[in-house]
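Asks: Next comes the sequence, and after it the predicted model I'd like to discuss.
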Amino acid sequence: RLVPDEVTVGMVRERLSEPDARSGSVLDGFPRTVPQAEALDRMLGALGRRVSRVLVLEVPEEELLRRLSGRWLCRAAGHSYHAVSSPPRVPGRCDVDGSELYQREDDTEEKARRRLADYREKTEPVIEHYRKAGLVASVDGVGAVEEIEQRLAKAVGA
C-alpha cells in the first residue's frame, strides 16, 4: 500500500526546499500517482523549476517477478542476496556473518504480483502524464548493471 499522497507530497516539498536541492534533484519512486505528479508539477512551478526528464526502465514482467521474488536478507545485519544473481556461497547462510537468511513478506512472488498490479493501476498513468509533455525516455532495463547505467546516463545526456 502507498503512503497517502498528502504525506508523501509534503515530505518531497520539504526536501526540495532545502538549499542542496535548488540546482536539481533525482526523484526515485516519486511520483507514483497522477495526483502526486500534478502536485509535483505545481510545487516545482512555484519554485521556478520543472520536471526535465522521466526515465522509465523497461523490463519484462517475468524478469521483474524473478528480481522481486528472489531477494533474501541476513537476520543479523541485513546483508542482501539474490537467489539467482547474487546467491550466498552456502544456501540459507550469510557469507559475511553466517547468520540465517530470510525473505521479507513483501518479497514473495504473490506479493510481487500484487505490487506490479498496483504499479499498472496507479503508476503507469503517471508515465502517460509525462509522456504527453514529451518528457519520457524509455530505457532497456535488462542486462548487466554497467550496461543499464550507460543507457540511463545516455538518456539524461550525461
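Replies: Done, it's in. Numbers count the residues shown, from 1 in each chain.

Asks: how near is the nearest residue to Pro125 once chain neighbours are set aside to Val54?
Replies: Once flanking residues are discounted, Pro125 sits nearest to Val34: 5.1 Å by Cβ to Cβ, 6 or more residues apart in numbering. Every C-beta, even on glycine, is put in place using the N, C-alpha and C of the backbone. Distance from Val34 to Val54, counting by Cβ to Cβ, to the nearest Å: 13 Å.

Asks: His129 now?
Replies: For His129 relative to Val54 (Cβ to Cβ), the value is 9 Å.

Asks: now Glu14
Replies: 22 Å.

Asks: Compare neighbour counts for the two and give me the winner.
Replies: Val54 (20 against 10; other Cβ atoms under 10 Å).

Asks: For the closest residue to that one other than its chain neighbours, identify the helix or strand it belongs to.
Replies: Counting by Cβ to Cβ, 6+ apart, Tyr130 is the residue found nearest to Val54 once chain neighbours are left out, at 4.3 Å. Assigned by DSSP states H and E, Tyr130 belongs to helix 124-132.

Asks: Give the other helices and strands that that helix contacts.
Replies: In terms of contacts (3 or more Cβ pairs under 8 Å, 6 or more residues apart in numbering; DSSP states H and E), helix 124-132 is packed against helix 34-46, strand 54-58.

Asks: which parts of the longest one are buried?
Replies: Pointing back at helix 34-46 there. By 16 or more other Cβ atoms under 10 Å, the buried positions in helix 34-46 come out as 36-37, 39-41, 44.

Asks: Check what pLDDT the residue nearest to the spatial centre of the chain gets.
Replies: The centre of the chain sits closest to Gly29, judged by Cα atoms, centre = their mean, with a distance of 4.5 Å. Gly29 carries a pLDDT value of 88.

Asks: can you confirm it is in a helix?
Replies: No. Looking at Gly29 with DSSP: H, G, I helix; E, B strand; the rest coil, it is coil, so not inside a helix.

Asks: What separation do you get for the residue nearest to Val54 and Pro4?
Replies: For Tyr130 relative to Pro4 (Cβ to Cβ), the value is 22 Å.
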